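Asker: need coordinates for the below:
(chains A, B, C and D)
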Protein chains: 4
Amino acid sequence: MIKAGIIGSTGYAGQELVRILLGHKDAEIVWFGSHSYVDKDYSEVYGNMFNIVDAKCLDDNLDELSKQADVIFTATPQGYLAGVINDDILNNSKVIDLSADFRLKDTDVYEKWYKIEHQAKQYIGEAVYGLCELNRESIKGARLIANPGCYTTTSILSLYPLVREHMIDVETIVVDAKSGTSGAGRSAKLANLYCEVNESIKAYGVTTHRHTPEIEEQLGYAFNAGEKTDLFTVGQKALSAGNPGGNPLLINFTPHLVPMNRGILATCYAKLSGKYTYDDVKAAYDKYYKDEQFIRVLKKGVMPETRWVEGSNYVDINFVIDERTGRIVVCGALDNMVKGAAGQAVQNMNLIFGLPENEGLLMPPVFP
Amino acid sequence: MIKAGIIGSTGYAGQELVRILLGHKDAEIVWFGSHSYVDKDYSEVYGNMFNIVDAKCLDDNLDELSKQADVIFTATPQGYLAGVINDDILNNSKVIDLSADFRLKDTDVYEKWYKIEHQAKQYIGEAVYGLCELNRESIKGARLIANPGCYTTTSILSLYPLVREHMIDVETIVVDAKSGTSGAGRSAKLANLYCEVNESIKAYGVTTHRHTPEIEEQLGYAFNAGEKTDLFTVGQKALSAGNPGGNPLLINFTPHLVPMNRGILATCYAKLSGKYTYDDVKAAYDKYYKDEQFIRVLKKGVMPETRWVEGSNYVDINFVIDERTGRIVVCGALDNMVKGAAGQAVQNMNLIFGLPENEGLLMPPVFP
Amino acid sequence: MIKAGIIGSTGYAGQELVRILLGHKDAEIVWFGSHSYVDKDYSEVYGNMFNIVDAKCLDDNLDELSKQADVIFTATPQGYLAGVINDDILNNSKVIDLSADFRLKDTDVYEKWYKIEHQAKQYIGEAVYGLCELNRESIKGARLIANPGCYTTTSILSLYPLVREHMIDVETIVVDAKSGTSGAGRSAKLANLYCEVNESIKAYGVTTHRHTPEIEEQLGYAFNAGEKTDLFTVGQKALSAGNPGGNPLLINFTPHLVPMNRGILATCYAKLSGKYTYDDVKAAYDKYYKDEQFIRVLKKGVMPETRWVEGSNYVDINFVIDERTGRIVVCGALDNMVKGAAGQAVQNMNLIFGLPENEGLLMPPVFP
Amino acid sequence: MIKAGIIGSTGYAGQELVRILLGHKDAEIVWFGSHSYVDKDYSEVYGNMFNIVDAKCLDDNLDELSKQADVIFTATPQGYLAGVINDDILNNSKVIDLSADFRLKDTDVYEKWYKIEHQAKQYIGEAVYGLCELNRESIKGARLIANPGCYTTTSILSLYPLVREHMIDVETIVVDAKSGTSGAGRSAKLANLYCEVNESIKAYGVTTHRHTPEIEEQLGYAFNAGEKTDLFTVGQKALSAGNPGGNPLLINFTPHLVPMNRGILATCYAKLSGKYTYDDVKAAYDKYYKDEQFIRVLKKGVMPETRWVEGSNYVDINFVIDERTGRIVVCGALDNMVKGAAGQAVQNMNLIFGLPENEGLLMPPVFP
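Answerer: Residues are numbered from 1 along each chain as shown, chains lettered A, B, ... in the order given. Below you'll find the model as predicted:
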C-alpha cells in the first residue's frame, strides 16, 4: 500500500486528490496537509467527506511528511515547493507537484511569467513534465514530477499530433480556452463570488496567462521531435536556437471564465501546412492516441463537450478542417480537476510505482 | 457475475444505473434497453460513455430480456411494467422497478393519483418497497422490488425516527422539498429548457404531487410499528383503520424545481409531541441510523446541503428544535439520481443477491 | 428634481438603487456613498455603469449628505444608521433605511435577534415600516422609513389577507423561503463563492433568521387589525398582551440559498380556520390587493415563479387549498433586489414626495 | 404614436421586443403575432407580462397587419418573410426583419448557407443592413431593414475599425464567440434542456455557422471603404472581384454555447498589418465610435464581460496587442436579446421614424 501525503489538501485540486485516492486500491492517504485549517477535521472543511475521511488537517511540513509517505502531492501556490524541497525529501519520497514550480525548463521564462525568483534551480533538470501520454517512459523513473497545468494539458494534447507531424504552421496557432470556475481556486475573492461569475463570460489574462509559455515549450519539443522534413525546416525559422524548449514557438492563448464548476474546453486554430484531408489528420491523431485509454478522439462530426468528461480522467478531442480558410479547428475537453490536475497526478503516481496506469481512474464521467 | 438488463437505459436514471453498474465488481450489463433509440450506439446518446460502453440500444422486450438477465431494472414510465410483467419474467429474473407501479399497496390510491388503471394487481402483494434501510430483510428474499421515489426516500428517511418513536404530531407534518432538474427527466419539454429553468425557482404539483401518498403510506407503517404508547393512541385517531397503509396519515408535500442538475433537499416541519431536547431526538436518530453506512446524521448545527452528497449514495440528515414554536425542522439531502434512484436500485440488487450492500456504491460525493 | 444620496451604493442593493433611480424622471443621485471605495470611479466598481454614471465614490458622511440631499437611502450594515442618525439629519432630509435598524418596534427583540445594542431608540416611535401597500398613508408623512426586508416583504404580503381576515390559524404558520444569492451581499466570503453555491441548495439560519421577528410583528398587527370575531378571540390566546407588536405570533421561518442571482420564493403553510373555498380566499386577496399595481394575484392554478418578476417591482402571489389536510399553501415571489429592497425604497420615496407611486418602477420583468 | 406589430412575438427575441416597446414613449404594440399560440393570452405564454400585456396572440397575417401597423417586426424562422413579403406590405408599413432573409446581398451565398431558396430576390437590393452605427443614414430612408444577427453585430463592431483602417491582415481573422442559451430559441429540443446545457460548454456549427458569411460580407465592405493605401492593395489580393460583398474575405468563426441565459462574447484574433501601439489602435476605435452612445470602448486593461451589458443595448469592446506574436486580441460583449436582436430593431425603428435614436433603449444593464 502506497502511503500518500497531500500538501494543500483543502484546495479544490487537493480535495479532488482525496476523492480519487479514496477509490485507489493501492494507495492510502496518511497526511492531509492544510496550512489554513490545521487541527480542523478534514470533513468540516469538505462536508462531502463526512464519515468518509476521519482525519485532522496537519500543517505543512515536507521534511516530516517525507519520512512517512512514499509519495507527496503538493497542491500549493507557486514557489512553495521550490522553497522547501531538498535531497532528503526526494530520497525519501516521490514528489508530484501540481504547482508550476518545475514545469518550465528555462528559469528566466519562469521568473518572467511568474514574477518570483526560483529557489531550487538545481532540481529543474531532473524534474519530469508529467504529461503521461507524452512522457510515459521518463515518468517511470522520476522522483520529481511537474504535473501539468489544466489549460496546458488540454491545449497540448489537442495540438500535439499536428505539431509533431508538422501539419500546421506553428506560427499561426491560436488557443481560445474556456474554464469552469473551480480553476480559480477556493480563496474568498470578490471576483469569484457566485453573483459575479454566474450569468457572465469573460476573457482574462489576455496575452499574459502563465500557461502560455508552458504550452509553447512543450509544443516546441513536439515540433523538434518531428521528422526533419522540409516543413520542419520552414518551421525552424520560427524557433529560436539554444534554449531548452527550442522556443520561441509563440502562440496566442486566451483563457475565459465560464459559469460552471468544472471543465475546460480549448478551441484551437491554425493554418494547415498543406492540403490535408480528414483522413490524413485522423491518421495523425490515431498514430499517437489510438492506444491511449484516456484520450478519446471522437467520431467524425462530433465535437467535445465538457459535460461528457466531468468527473473523469478522459480528454475528448476532435477537429474540423475548414477548406475555405485553410485552417483546422481542434477542440479538446477535459475536467480541470481530474485530467487537468488530480487525476493526472494519480496517473503519474501509478506510472512511477509500476501500477496499472489507470488504477483508481476508471470512474466514468458523471452526467448530468 | 450478475447479468443485468436495463429497460429505459437512455433516461437520466437509466444512464445513472449504467454509470454505477460499470463500477460494480459483480455485475455486468447485458441489455441496454431504449425504445426511443433502438439500434443506436449507446454512446451516441450519452457521449460520456464513448469508448466505455460498446453496445447498441435494444428495444423493450421484457420476456426475452428475462431469459438473458439475472436482474432487470425498469426505469420506465408509470404503467409500463404493470402492463407487461408476468410469472415467467419473475421466475427468470429479479425485477427492480424504478417506476411507481408497485410502490403503493392500495390500488385505489394508485389509480386516483396516477390516473391510470393498474394492470397487474396480483403482484402488488409480493412487491417489496425497496427502501433498503427500512426493509432490508424483506428485500433479501424478494423477486419484485418497488424502488422508492426520490422525494420519497428523502422525506421518509428524514422523518422516520420521529414518526416511529411518536415524537411528532403526525397530523402537522409539512414537507417542503426542492429538486434539481434531472428529476424532470430527459424529454424535450418547453418547461425544462435551460432558459426556462435557469435563474428561477417555482413550486409545482402543489397538493397533488404523486409522491405524497407514497410518503404517507410508508410513514403510516412507521407510525403503526411504533410502541403502543399513549402517544400512539392519540395518533391513531388520525389514522384510518382497514387500509393497507394504515393511512390516512396526511401530510403537505410541496416539490420545487431548482436550477441545478442533481440533488434533493427536503425541509420537514412538525409539532413535537412533547418536550424533547436535542439529545432526545438525536438518540432517536441514532437508534435507527447509527449503523447505516449511507445515512449520515450530521453534527449538531450542521445542516445538509445537496452539494455534499452529489454523485454518491449518501443521505445527509439533521434537525433543529425550535423551542419558540414547539416545532422541529428536519432537513434531508440526497442525490436524486443515486440514492433517489439508481444507487438505491443497485443497493437493492446487492441485498437480493447476497452481495455486500455497499458494493459499487462507495464512490465519495463529487465536489465541486 | 429630488436630490438623492445613497450610503452603501456599492453593495448589491445600493447598486440596484442606482439602476432604478437612473430611470426615474424626478430624481437624481447626488452622492454615491461607499466607505470601501472612496475616490474610486463608481463605474470601476460596477462596470455596467461605465459611460452612464460619471461620479466617484464618496465616504459615508450623513451630516454633510443631509445638507445636499432631499432623500437619503442607507443600504448599510445593521447598526450603522442608528449610530449616526440625529435630528439635524432628519430635519434636512428624508431617510429611507434599507437596514433593519428601525424595523422592529421592540428594541429588546431587536437586540436579541441582532445582538447589537440599539443606539437610537428615540426614533423608533416615529419610524414608519415601509411596506407600501400596507402602510401607504403613514409613509406619506414620514421622515424616517424602515424599508422592509426581502424575505419579510414576500412573506407578509403572501399571508396578509389570510391573517387579517382570520382565515388561518396563526399558530400553524410555516414559511419556507428560497432566495437567490444576491441576498447574501457582495462581501468576499468562501461560502458565497461560485463553486460553493452552484449546484447546491441548503437551508440556513434555521429557527434563527433575523427576518423572523419582523414577519411576526407585522403579521401580528394584521391579526389585531382584523375584525373582532370569534376567530379573533381564539387567535388572541396565541398572542401576548402588552408588547408593541401584539406578539408573540410565532411562526417557523426557514430561508434557503438557491443557485441563482435574484429572486425570492416563499412557500407558506397554515391550517385554515374554517371551511373556505377557493372563491372565499380569492375574495380576501382581492379585498386587499385588487387595486395594487405591484401585487399580482395570479390566475387560479398558476403558481408564482421568480423568473416572472426578475428585474421588476412586482410581487406574484397565489394559493392552493388542500382539502385533504385542511391547509392552505400560499406562494409569493418577488425580486429581492427590487420589491425586496431598492424598488420598494423608491416606492417609499415616491409616496413621501407625493409623486406617482409607480414612477421609475414600471420596468417589466426581464426574461429570460 | 407609432403602431407596431410583431410576427413571432412569443419567441425569445419577440418577447424582448415586447419588453422594450413597453418602455418606448412613442410606440405601442397593436399585434402580438404567434402562429403557435393563436387566441391564447400573451401573458399565459410569458408570465412576466401578466397584468402588463392584456392581449391575445394573433395568427401570422402580414397583409392584414400591414394595414394596421406603421412598423412590422418579423422575429420569424428563415424564409418566412421572403415567402410572404410584397409591395403592398412595404407600402403600408416599414418592415424590420430579425431573420436572415435580407441580410446577405448575394443570394447564392444565402442559399448555400441556409439551404433554402430565396423567394423574394427583388427586395434584396433595397433592404438595408440594419447595423445602426455603420449604416445610420441608409436606415433613415429605408422601408425594409435586415436586422443583423447577434453574433454578427458583436463580431463586426469589434473588428470594424481595424478592418476599415487596414490595421489587420484580413486573411488572419479568427472569431471565437460564446453565447448564452437564449440564442438557441424557445423550441423544445433535447439539446437545449437545462441538464444538457448546464455545467457544460461546447462549440457548435464549427466552420458552418450561418453568421459567418454575414460577418464576411460586412467586413468586406468595411475593408473596401477604407483608404486605398498599399495595405489595401495587399488586402485586395485576398478579396475576389465582382460580387456584392467584395468578398471572399474569409474568416474562421466558431460559436460556443455557454450555460447562461443571455450575452455574447466574441474573442477576435488577427495579425496586425504593422507595428501599432495601443494609442494607434485606440485612436482608430475612437475615430469611429467615440460619439456612439451604445458602443463603449472600455478603459485600457479592462476587458468586456457579458454581465456588464445584460438587459441593455450596449456593446462593450476592448483590445490587447500581443507584441510577442504580432497579433491583436479584441473582445466584444453584448446582450444577444437586446443589441443582438430586439434592441437594435428598436434602434432601427427610431432611425426610420426620425425619433431620438436611443428612445426606449436607455435602460442601464441589470446586474447581478
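Asker: doesn't residue A:135 fall inside a helix?
Answerer: Yes. If the criterion is DSSP: H, G, I helix; E, B strand; the rest coil, then residue A:135 is within a helix.
Asker: how close does it sit to residue A:271?
Answerer: Using C-beta to C-beta, to the nearest Å, residue A:135 is found at 28 Å from residue A:271. Yep, even glycine has a C-beta here, placed from its N, CA and C like the rest.
Asker: confidence score at residue A:247?
Answerer: With respect to pLDDT, residue A:247 has a value of 60.
Asker: which positions in the stretch 251-368 of chain A make contact with chain D?
Answerer: Contact residues, the stretch 251-368 of chain A versus chain D (C-beta under 8 Å from any C-beta of the partner chain): A:251-252, A:254, A:256, A:258-263, A:265, A:267, A:269, A:303-308, A:310, A:320-322, A:324-325, A:327, A:329, A:331, A:333, A:368.
Asker: and chain A, which residues reach chain B?
Answerer: Selection of chain A residues close to chain B by C-beta under 8 Å from any C-beta yields A:12, A:15, A:18-19, A:22-23, A:46-52, A:182, A:199, A:261-262, A:293, A:296, A:298, A:302, A:305, A:307-312, A:314, A:316, A:362-368.
Asker: ok, now which residue in chain A is the farthest from the centroid?
Answerer: residue A:324 (33.2 Å; C-alpha atoms, centre = their mean).
Asker: give me phi/psi at the closest residue in space to residue A:193 that isn't next to it in sequence?
Answerer: Among residues not flanking residue A:193 along the chain, residue C:192 sits closest, at 5.2 Å (C-beta to C-beta, 6 or more residues apart in numbering or on different chains). Dihedral pair for residue C:192: phi -100, psi 10, per degrees, to the nearest 10.
Asker: my read: residue C:192 touches residue C:184, true?
Answerer: Yes. Residue C:192 lies in contact with residue C:184 (C-beta atoms under 8 Å); the separation is 5.1 Å.
Asker: overlap of the contact sets of those two?
Answerer: The contact sets of residue C:192 and residue C:184 overlap at residue A:194 (C-beta atoms under 8 Å, 6 or more residues apart in numbering or on different chains).
Asker: give me the more crowded residue out of those two.
Answerer: Between residue C:192 and residue C:184, counted using other C-beta atoms under 10 Å in any protein chain shown, residue C:192 has the larger neighbour count: 22 against 18.
Asker: follow-up on the earlier one: list only buried entries from the residues of the stretch 251-368 of chain A next to chain D.
Answerer: Among these, those classed as buried by neighbour count (16 or more other C-beta atoms under 10 Å in any protein chain shown) are A:251-252, A:254, A:256, A:258-263, A:265, A:267, A:269, A:303-308, A:310, A:320-322, A:325, A:327, A:329, A:331, A:333, A:368.
Asker: and chain C, which of the residues you listed reach it?
Answerer: Here is what survives when those are matched to chain C using C-beta under 8 Å from any C-beta: A:259, A:260, A:261.
Asker: and residue A:342, that one's in a strand?
Answerer: No. Under three-state DSSP, residue A:342 falls outside any strand and is assigned helix.
Asker: leaving out chain neighbours, which residue sits closest to the residue farthest from the centre of chain A?
Answerer: Spatial nearest neighbour of residue A:324, excluding adjacent residues (C-beta to C-beta, 6+ apart): residue D:250 at 5.4 Å.
Asker: ok, now which ones touch that neighbour?
Answerer: Applying C-beta under 8 Å, 6+ apart, one finds that residue D:250 lies in contact with A:324, A:325, D:171, D:216, D:238.
Asker: from the residues you listed, which single one is nearest residue B:118?
Answerer: Taking C-beta to C-beta as the measure, residue B:118 sits nearest to residue A:324 out of those, at 60.7 Å.
Asker: the closest one contacts residue D:207, doesn't it?
Answerer: Yes. The pair residue A:324 and residue D:207 passes the contact test of C-beta under 8 Å, sitting 7.3 Å apart.
Asker: quick one, strands of chain A?
Answerer: Ranges of strands in chain A, per DSSP state E, are A:2-7, A:27-32, A:71-74, A:94-97, A:128-129, A:144-146, A:174-179, A:202-203, A:252-257, A:264-271, A:295-297, A:315-322, A:327-334.
Asker: not counting sequence-adjacent ones, nearest residue to residue A:69?
Answerer: Closest residue to residue A:69 apart from its sequence neighbours, by C-beta to C-beta, 6+ apart: residue A:5 at 3.8 Å.
Asker: try residue A:333
Answerer: Residue nearest to residue A:333 in three dimensions, not counting chain neighbours: residue A:304, with 3.6 Å by C-beta to C-beta, 6+ apart.
Asker: residues touching that neighbour, list them.
Answerer: Contacts for residue A:304 (C-beta under 8 Å, 6+ apart) come out as A:265, A:298, A:316, A:317, A:318, A:331, A:332, A:333, D:202.
Asker: roughly how far does the residue nearest to residue A:193 sit from chain B?
Answerer: Computed as C-beta to the nearest C-beta, to the nearest Å, the residue C:192 to chain B distance reads 13 Å.
Asker: residues contacting that residue?
Answerer: Neighbour list for residue C:192: A:193, A:194, A:195, C:181, C:184, C:185 [criterion: C-beta under 8 Å, 6+ apart].
Asker: what does residue A:287 give?
Answerer: Residue A:287 makes contact with A:161, A:165, according to C-beta under 8 Å, 6+ apart.
Asker: before we move on, what about residue A:123?
Answerer: Residues near residue A:123 by C-beta under 8 Å, 6+ apart: A:82, A:85, A:90, A:102, A:144.
Asker: just send the residues you listed back as TSV, with pLDDT and neighbour count too.
Answerer: Below are the contacts of residue A:123 laid out as TSV (pLDDT from 0 to 100; neighbours: other C-beta atoms under 10 Å in any protein chain shown):
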residue	pLDDT	neighbour count
A:82	97	22
A:85	98	24
A:90	98	16
A:102	98	27
A:144	98	22
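Asker: now these in JSON lines, with distance to residue C:223?
Answerer: Compiled in JSON lines, the contacts of residue A:123 are given as follows (distance: C-beta to C-beta, whole Å):
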{"residue": "A:82", "distance to residue C:223": "68"}
{"residue": "A:85", "distance to residue C:223": "70"}
{"residue": "A:90", "distance to residue C:223": "74"}
{"residue": "A:102", "distance to residue C:223": "70"}
{"residue": "A:144", "distance to residue C:223": "72"}
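Asker: for chain D, state which of the residues you listed is nearest.
Answerer: Checking the contacts of residue A:123 against chain D by C-beta to the nearest C-beta gives residue A:102 as the nearest, at 23.4 Å.
Asker: ok, that closest one - contacts?
Answerer: Residue A:102 touches A:81, A:82, A:123, A:124, A:127, A:144, A:146, counting by C-beta under 8 Å, 6+ apart.
Asker: separation between it and residue B:249?
Answerer: Residue A:102 sits 64 Å away from residue B:249, going by C-beta to C-beta.
Asker: fine by me, we can end here.
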